[in-house]
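Output the structure for:
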Amino acid sequence: MAVITISRQFGAGGITLGERLSKRLGYRYVHEDIIGEVAEKMGASPHRVRALERRGGAKLKKLLHKVDEDHIEQSNSDRSGHGDEHEYVEAVRDLIEDLYEQGNVVIIGRGGQHILRDKEGTCHVLLVGDLDHRVRFMMESYNLSEPEALTAVKRADEARVRFLSLFSQGETPDDPLQYDLVLNMNRISLEAAEELVFSRISYGVFNEGEKQT
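Residues are numbered from 1 along each chain as shown. Below you'll find the predicted structure:
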């Protein structure tokens, strides 16, 4: 039973790597499909959860308190603190811990490396790349112009730092000591990244006798 979490700087290829690994290993792939489950736990709409994740933690509470009027009428406005920051974090934490118990899953983002940091049988991966590399990746993968890709990467970087602050307990989000593998995508291909993670899963992370020297 294995769990892989993939954290990534925007445009470093983490989603593509996660898809490749899940297919190769036969694991469940979890990315945006978790949004509906989080929304259900919170009693918020998937649209609201998706929007807050894109904006990041700094605007989380303000955004989630703007509940649609029709939803307020349906719930008679009984629930104080509807969709607050704490509720969101707890919903994500509960879902990721449930996924861990099920095993054989690749989890993209959402603070998985922090939530499962002390769990056995996990492999935490971070993908990084310099700005130029990530802009080129977005242009090639999503048919964006260079200005569009640059804007998208910069905004996503800012939102990611804010978002991870919800789960990182004050630690630096990309501290390499939090991960089993840190992959510089300037230096290696996605194929090579896939092989490195696959090798770690196959030969390293579950060996209870493995000792650091």
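
ok, which stretches of the chain are helices?
In the chain, the helices defined using DSSP state H lie at 14-25, 34-42, 46-55, 60-64, 69-75, 85-102, 112-115, 131-142, 146-164, 190-203.

pLDDT value on the residue nearest to Leu116 when sequence neighbours are not counted, please?
Nearest non-adjacent residue to Leu116, counting by Cβ to Cβ, 6 or more residues apart in numbering: Thr122, 5.1 Å away. Quick note: C-beta positions are derived from backbone N, CA and C, even for glycine. As summarised for this prediction, Thr122 has a pLDDT of 94.

Thr122 reaches Thr5, doesn't it?
Yes. Assessed by Cβ atoms under 8 Å, Thr122 is found in contact with Thr5 at 6.7 Å.

Surely Asn104 and Val30 touch.
No. At 11.0 Å, Asn104 does not count as touching Val30 under the criterion of Cβ under 8 Å.

Lowest mean pLDDT among the helices and strands of the chain, which one is it?
helix 69-75 (a mean of 36; mean pLDDT, DSSP states H and E).

Quick check: bridge partners of Thr122?
Under DSSP bridges, the beta-bridge partners of Thr122 are Val3.

Can I get stretch 137-145 in PDB, CA atoms only?
C-alpha atoms of stretch 137-145 as PDB (Å, rounded to 0.1, in the frame of the first residue of the first chain):
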ATOM      1  CA  PHE A 137       6.200  24.400 -20.200                       C
ATOM      2  CA  MET A 138       2.900  26.300 -19.900                       C
ATOM      3  CA  MET A 139       3.200  27.700 -23.400                       C
ATOM      4  CA  GLU A 140       3.900  24.300 -24.900                       C
ATOM      5  CA  SER A 141       1.400  22.300 -22.800                       C
ATOM      6  CA  TYR A 142      -1.600  24.700 -22.800                       C
ATOM      7  CA  ASN A 143      -1.000  26.700 -26.000                       C
ATOM      8  CA  LEU A 144      -0.600  30.000 -24.200                       C
ATOM      9  CA  SER A 145       1.300  33.100 -25.400                       C
END
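
average pLDDT for it?
The model assigns stretch 137-145 a mean pLDDT of 91.

tell me which residues in that stretch are buried?
137-139, 144 (16 or more other Cβ atoms under 10 Å).

Show me which of these is closest to Leu181.
For these, the minimum distance to Leu181 (Cβ to Cβ) is 18.8 Å, reached by Phe137.

how close does the closest one get to His124?
Per Cβ to Cβ, to the nearest Å, Phe137 is found 22 Å from His124.

Neighbours of the closest residue to Gly11 other than its chain neighbours, how many?
Spatial nearest neighbour of Gly11, excluding adjacent residues (Cβ to Cβ, 6+ apart): Arg134 at 3.0 Å. Number of residues near Arg134 (other Cβ atoms under 10 Å) recorded here: 27.
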